[in-house]
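Q: model the following, please.
(one chain, ligands or ions: 2)
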Amino acid sequence: MKNFLDFSDKTVVVIGGTSGINRGIAELFARHAARVAVASRSQQKVDDTVASLRACGAEAMGFSADVRDPAALASGLATVHEAYGPFSVLVSGAAGNFPALLTQMSANAFRAVIDIDLIGTFNVMQAAYPYLLKPGAAVINISAPQATIPMEAQSHVCAAKAGVEMITRCLALEWGAQGMRVNGIVPGPIDGTEGMQRLAPNAAIRDAARDSVPLRRLGSPEDIGNACLFLASDLGSYVNGAILPVEGGWLQSGAGGLGRMLATLARPGTASAEK
Ligand code: COA
Ligand code: NAP
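A: Ligands and ions are numbered 1, 2, ... in the order given. Below is the predicted model of the structure:
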């Protein structure tokens, strides 16, 4: 019987794959025998991740690039293509986030998140396109609940991730005819990650987030990696343009009113913050 989750002889590229959720995704593909390449800004984080992937027995490489720098992406991806051949799987998950009300942000702060999350996704898609396996490649963009749930102190992220989901759905149309599938994943609150640390900086918010998930638990990077395995494998061969929530049902609760808690942190002592 065919093992759909055998990724041997397949090249998997994870942009932003050197920490948190995306690193968990890279590790899971490595455990399923893929050749894995990771990229992010910090050469140190790239080196650490590649070393740990290799320690698991995987063939792995990496390069340092900022997703805001198309030339760095293009040259790094060319190196991966030269070494590992066409990409069967591309995961794009680099992102930046900090809680701030719109009036607490400079235009540059708003732009930083748009540049990393939204324009960064555009840059990754465009730079990787020449190297994607045609037909056959599976592209997965990492979105967030903010794409569809408006949240206080998250206008920059909401705007950026809404755009990421639309790029994903448009590319499902543009690239589908070439036999490539483009899907998105919406992680819920994922334990032990930088994103959780920034949006749930104290135990009260963390516990409230957990309790507002219908499954009453935070997610793990492996939960997200498992969904990536499905979408990237032939098990998902007729899934294209889907935005898959992997969040224990958190979207059903409007992400548990996280935005209101962030607003409380952002403007403590105000009447509206304490409602
Ligand atoms: N509130 C308001 N503004 C903030 C802010 C905050 N908490 N944190 C940063 N900014 C502003 C900065 O002041 C700057 O604006 P300015 O030039 O008008 O002063 C702007 O955002 C850009 O900050 P900078 O530090 O120069 O950007 P960077 O490109 O080095 O870093 C970030 C990008 C800010 C998104 C940084 O937090 C980052 O690298 N994040 C990656 C990790 C992460 O966020 N992980 C969670 C993913 S969900
Ligand atoms: P994280 O650990 O901070 O991971 C972000 C990754 O992207 C790191 O590898 C980081 O490495 C890289 N990166 C950041 N800015 C970059 C840039 N400009 N260019 C290239 N690489 C960059 O965050 P996380 O919490 O695991 O989040 C991962 C993804 O999941 C994000 O897309 C986030 O929006 C999404 N998400 C997270 C949660 C959660 O609960 N954590 C929930 C929903 C959605 P460098 O610092 O080396 O660049």
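
Q: from now on I want contacts and neighbour counts done on CA atoms only, so please keep to that.
A: Noted.

Q: ok, which residues in this structure are in contact with ligand 2?
A: Within the chain, the positions near ligand 2 by C-alpha under 6 Å from any ligand atom are 16-22, 40-42, 45, 65-68, 93-96, 116, 142-144, 187-190, 193-196.

Q: show me those that map onto strands.
A: Counting by DSSP state E, the members of the residues of the chain next to ligand 2 that fall within strands are 40, 142, 187.

Q: for the residues you listed, give me JSON lines that also has pLDDT and neighbour count.
A: Listed next are these as JSON lines, based on pLDDT from 0 to 100; neighbours: other C-alpha atoms under 10 Å:
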{"residue": "40", "pLDDT": "99", "neighbour count": "23"}
{"residue": "142", "pLDDT": "99", "neighbour count": "26"}
{"residue": "187", "pLDDT": "98", "neighbour count": "24"}
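
Q: packing partners of the helix or strand that residue 183 is a member of?
A: Element membership of residue 183 [criterion: DSSP states H and E] is strand 181-187. Packing contacts for strand 181-187, counted by 3 or more C-alpha pairs under 8 Å, 6 or more residues apart in numbering; DSSP states H and E, involve strand 138-142, helix 155-176, helix 221-232, strand 243-246.

Q: one step back: buried subset of the residues of the chain next to ligand 2, written for ChimeraX?
A: Per 16 or more other C-alpha atoms under 10 Å, the buried members of the residues of the chain next to ligand 2 correspond to this ChimeraX selection:
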select :16,17,18,19,20,21,22,40,41,45,65,66,67,68,93,94,95,116,142,143,144,187,188,189,190,194,195,196
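
Q: now the helices for the stretch 1-150 of the chain?
A: 20-31, 43-55, 70-84, 107-113, 120-128 (DSSP state H, counting those that start in this stretch).

Q: any figure for the gap between the residue lying closest to residue 24 once chain neighbours are set aside and residue 101?
A: Computed as C-alpha to C-alpha, 6 or more residues apart in numbering, the closest residue to residue 24 that is not its neighbour in sequence is residue 221, at 5.0 Å. Distance, residue 221 to residue 101, by C-alpha to C-alpha, to the nearest Å: 28 Å.

Q: more neighbours: which of the two?
A: Neighbours per residue (other C-alpha atoms under 10 Å) separate residue 221 from residue 101, with residue 221 holding more: 22 against 17.

Q: where does the stretch 151-275 of the chain have low pLDDT?
A: 268-275 (pLDDT under 70).

Q: again, only using 50
A: 270-275 (pLDDT under 50).

Q: so which residues on the stretch 101-250 of the chain come close to ligand 1?
A: Residues of the stretch 101-250 of the chain lying near ligand 1 (C-alpha under 6 Å from any ligand atom): 104, 105, 106, 108, 109, 112, 113, 194, 195.

Q: that older thread, in CSV, list the helices of the stretch 1-150 of the chain along with mean pLDDT and distance to residue 261.
A: Shown next, in CSV, are the helices of the stretch 1-150 of the chain (pLDDT from 0 to 100; distance: least, C-alpha to C-alpha, whole Å):
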stretch, mean pLDDT, distance to residue 261
helix 20-31, 98, 23
helix 43-55, 97, 31
helix 70-84, 98, 36
helix 107-113, 98, 20
helix 120-128, 99, 28
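
Q: nearest to residue 180, of these?
A: Closest approach to residue 180 among these (C-alpha to C-alpha): helix 120-128, 12.4 Å.

Q: rewinding a little: any idea which of the helices of the stretch 1-150 of the chain is most buried?
A: helix 20-31 (a mean of 24; mean count of other C-alpha atoms under 10 Å).
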